[in-house]
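J.: Provide a 3D model corresponding to the input given below.
(one chain, ligands or ions: 1)
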Amino acid sequence: MATVGIVMGSTSDWDVMKEAAQICKDFGISYSARALSAHRTPVELEQWMEEMEASGCQAFIAGAGAAAHLAGVVAAKTILPTFGVPIPSKYLKGLDSLLAMVQMPKGIPVSTLAIGEAGAANAGLSVVAILALHDADMKAKLINFRATQAEKVRNSVLPELA
Ligand code: RP5
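T.: Numbers count the residues shown, from 1 in each chain. Just a heads-up that it's a prediction; the model follows:
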């Protein structure tokens, strides 16, 4: 049983998508991460999603690059919240991925985050926020995360001019 399903179009996406997995780990949320493609392995993607839903998954995070339709396909197959992470692509640097994900037609939403690592981490944090709605322990962890982050900024010191 995994609470979050993290899927990406290729193993080459893992360097970015591991940020989402790290957030899940840090907050004690179980996850299952797989490289499954909407166009290379559509049957396996559907099977994995069915297994995830049957075992209590509560949200999906999907990362893909270039013609990044994976998150849209995932969203089409579930009513669970689906977050999309645009992966930086070789030639268009992820702008293609971002536009493909964020321009979903009305009716099947993909909640799309920023391109790259920040987007992947924020997808994880978005799932944390959803779980925190009905989980006091998760809510406390998220408040503590924000406080720690703010404290780092408060304590930061800019370098002196030469
Ligand atoms: C997309 O094509 C994947 O999500 C990946 O970002 C991109 C390149 O895949 P590989 O050629 O590295 O497998 O489907």
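
J.: every contact and neighbour count from this point should use C-alpha atoms.
T.: Fine.

J.: distance between stretch 91-103 and the chain's centre?
T.: Remark: stretch 91-103 is offset 15 Å from the chain centroid, using Cα atoms, centre = their mean, to the nearest Å.

J.: that's a helix at Ser12, yeah?
T.: Yes: checked against DSSP: H, G, I helix; E, B strand; the rest coil, Ser12 lies within a helix.

J.: okay, it: pLDDT?
T.: On the pLDDT scale, Ser12 is placed at 98.

J.: gap between it and the ligand?
T.: Look at Ser12 and the ligand: by Cα to the nearest ligand atom, to the nearest Å, they are 5 Å apart.

J.: likewise Val157?
T.: 37 Å.

J.: checking that residue next. Helix, strand or coil?
T.: Val157 ends up coil, using three-state DSSP.

J.: how many other residues sit next to it?
T.: 8 (other Cα atoms under 10 Å).

J.: OK, contacts around it?
T.: Listed by Cα atoms under 8 Å, 6 or more residues apart in numbering, Val157 has no contact partners.

J.: grab the nearest non-local neighbour of Pro55.
T.: For the record, residue 55 is Ser, not Pro. Met1 (5.0 Å; Cα to Cα, 6 or more residues apart in numbering).

J.: residues contacting that neighbour?
T.: Per Cα under 8 Å, 6+ apart, neighbours of Met1: 30, 52, 55-57.

J.: now these in CSV, with pLDDT, neighbour count and secondary structure?
T.: Listed next are the contacts of Met1 as CSV, based on pLDDT from 0 to 100; neighbours: other Cα atoms under 10 Å; DSSP: H, G, I helix; E, B strand; the rest coil:
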residue, pLDDT, neighbour count, secondary structure
Ser30, 98, 14, coil
Met52, 98, 21, helix
Ser55, 96, 12, coil
Gly56, 97, 12, coil
Cys57, 98, 20, coil
